[in-house]
Each structure stands twice: as C-alpha cells, then as structure tokens.
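Participant: Curious how this folds, go ahead:
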Amino acid sequence: RLGVSVQTEIRPWAAGFLTKPVDRNTGTCAGDSGGGALAFVQDPKGRGIRQFLVGVQAVASLPCEENQQVFVNPAAFSEFLLQA
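Facilitator: Numbers count the residues shown, from 1 in each chain. Predicted structure coming up:
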C-alpha cells in the first residue's frame, strides 16, 4: 500500500488525475500499471469504512522514487467498458 497525494481534481467525467507519493523514497514504476487507486470514506450511516476504486494507474514518471503517477478514472470509460 502506498499513500499518494492527489495533485489534480478527481472528477467523474474526467479521464484521469495526477498523484505523487506522500512518503519520501517511495513511488511506483512501470510494472505497477493497472494497479488501483482506492479512496477510503467513512460510511455516513455508521457502517464502517467504505472503499471506492477511483483510478487505475496508467503511467508513472522516472525515477520510480518520489515520482508522479497518472491514474485513469474507469467511470470515464464505463460506456466503452460495458460494450467490450
């Protein structure tokens, strides 16, 4: 698990968003593409923590430590994915 800071807004209609690692000397690399970005949210009805897939890693910059990652929002491609 890697904590990331979101550098751009996450919008349901936008194709992607940019992140960077929270902790120094951490990051992701090319082999991490396809990995999910999860958001953890407290359930408003008191049923614990809920998790949502908000992105799938598409690319990461080099070097692999303290780099930036682009995540693609799968909801932006839902129509295409449902037809596949």
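Participant: Have a look at this protein and report its longest strand.
Facilitator: Among the segments of the chain that qualify as a strand by DSSP state E, the longest is strand 49-60.
Participant: roughly how far is the helix or strand following it from the heart of the chain?
Facilitator: The helix or strand immediately downstream of strand 49-60 is strand 69-72, counting by DSSP states H and E. Mean-position distance between strand 69-72 and its chain equals 6 Å (C-alpha atoms, centre = their mean, to the nearest Å).
Participant: Is Ala76 located within a strand, as I assumed?
Facilitator: No - according to DSSP: H, G, I helix; E, B strand; the rest coil, Ala76 belongs to no strand; its state is helix.
Participant: List the buried residues in stretch 4-11.
Facilitator: Within stretch 4-11, the residues that qualify as buried are Val4, Ile10, counting by 16 or more other C-beta atoms under 10 Å. To be clear about C-beta, it is placed using only N, CA and C from the backbone, and glycine gets the same treatment.
Participant: Using CSV, write out every CA atom in that stretch.
Facilitator: Coordinates of each C-alpha in stretch 4-11 appear next as CSV, following Å, rounded to 0.1, in the frame of the first residue of the first chain:
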residue,chain,number,x,y,z
VAL,A,4,-0.5,9.3,-2.5
SER,A,5,-1.4,13.0,-2.6
VAL,A,6,-3.8,13.9,-5.4
GLN,A,7,-2.4,16.9,-7.4
THR,A,8,-5.4,17.5,-9.7
GLU,A,9,-9.1,17.1,-9.1
ILE,A,10,-10.8,13.7,-9.4
ARG,A,11,-13.9,14.3,-11.5
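Participant: ok, back up a step: direction included, what does the longest strand of the chain pair against?
Facilitator: Strand 49-60 has the following strand partners under DSSP bridges: strand 36-42 (antiparallel), strand 69-72 (antiparallel).
Participant: For the residue nearest to the spatial centre of the chain, which non-adjacent residue is spatially closest?
Facilitator: The chain has Ala37 as the residue nearest its centroid, 3.1 Å off, counting by C-alpha atoms, centre = their mean. The shortest distance from Ala37 to any non-neighbouring residue, by C-beta to C-beta, 6 or more residues apart in numbering, is to Gly55 (3.8 Å).
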